[in-house]
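Visitor: attaching a predicted model along with its sequence, questions to come.
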Amino acid sequence: MCMPNGSGKIKLGVLGSGSGSNMQALLDAIADGSLNAEIVLVLSDVPDAYILERAEKAGIPAEVIDCEGYQTRFPDDSQRAVAQKLKSYGVDIVCLAGFMRLVKQPMLDVFPERIINIHPSLLPAYPGLMAWEQAVVAGAKESGCTVHYVDAGMDTGQVILQARVPVFTDDTADTLHARIQEQEHLIYPEAIKNVWEKFHFTE
């Protein structure tokens, strides 16, 4: 297999909007040797997001994305700037970790089939926000989490890996979410390895 960065490690760029617990799970997998990778850059669209603090504590470069004042949109110019920043750090795979803006063509063109996301449901069920709450409200018997390739839709990309989580009769949105997160932290590192093994990246 060709390792484009020459280090033998997968170079990951992480985009997040919140606490960054999934990024921490990746750091933990790297630390225990189960994931042969390094996170080389963390970007957030939220200036005070805890994911930035996690990155700084870990000695990882961390920056805020300029979304031109938009609350929910990810403007094309911002996406182009992010894509170029990720490229400048030699990123192989872009990992979304609670990133709350839709990634579109400017970034997809630069990282085709190399942007992945983790979502707290068994897609295609319950796409979008608060998927765990959607499951509880719907009376679902089962939920879980999905790592998928990012395409131009909302949580519509090809599934890479899933983990199933039962929904108990006494579950609240919070208790279900906590159990789903446990599985997220297990499958995200595995999904990255699956993606890496699928492709022979070249510079």
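Guide: Done, it's in.
Visitor: sec struct for the most centrally placed residue in the chain, please.
Guide: Taking Cα atoms, centre = their mean, the centroid of the chain lies closest to L96, which sits 2.4 Å from it. Assigned with DSSP: H, G, I helix; E, B strand; the rest coil, L96 falls in the strand class.
Visitor: which residue packs closest to it, ignoring adjacent ones?
Guide: For L96, ignoring the flanking residues on the chain, the nearest one in space by Cβ to Cβ, 6 or more residues apart in numbering is N117 at 4.0 Å. Bear in mind the C-beta positions are built from the backbone N, C-alpha and C, glycine included.
Visitor: just checking, that neighbour is part of a strand?
Guide: Yes: under three-state DSSP, N117 falls within a strand.
Visitor: so what pairs up with it in the strands?
Guide: Beta-bridge partners for N117, by DSSP bridges, are L96, H148.
Visitor: how much space separates it from K141?
Guide: 25 Å (Cβ to Cβ, to the nearest Å).
Visitor: go on, L108?
Guide: 35 Å.
Visitor: more crowded one of the two?
Guide: Regarding L108 and K141, a neighbour count based on other Cβ atoms under 10 Å identifies L108 as having more, with 20 against 10.
Visitor: from R114, how far out is the more buried one?
Guide: 9 Å.
Visitor: also M23?
Guide: Here the criterion is Cβ to Cβ. By it, M23 lies 17 Å from R114.
Visitor: more neighbours, the two?
Guide: Set M23 next to R114 and count neighbours by other Cβ under 10 Å: M23 wins out with 26 against 21.
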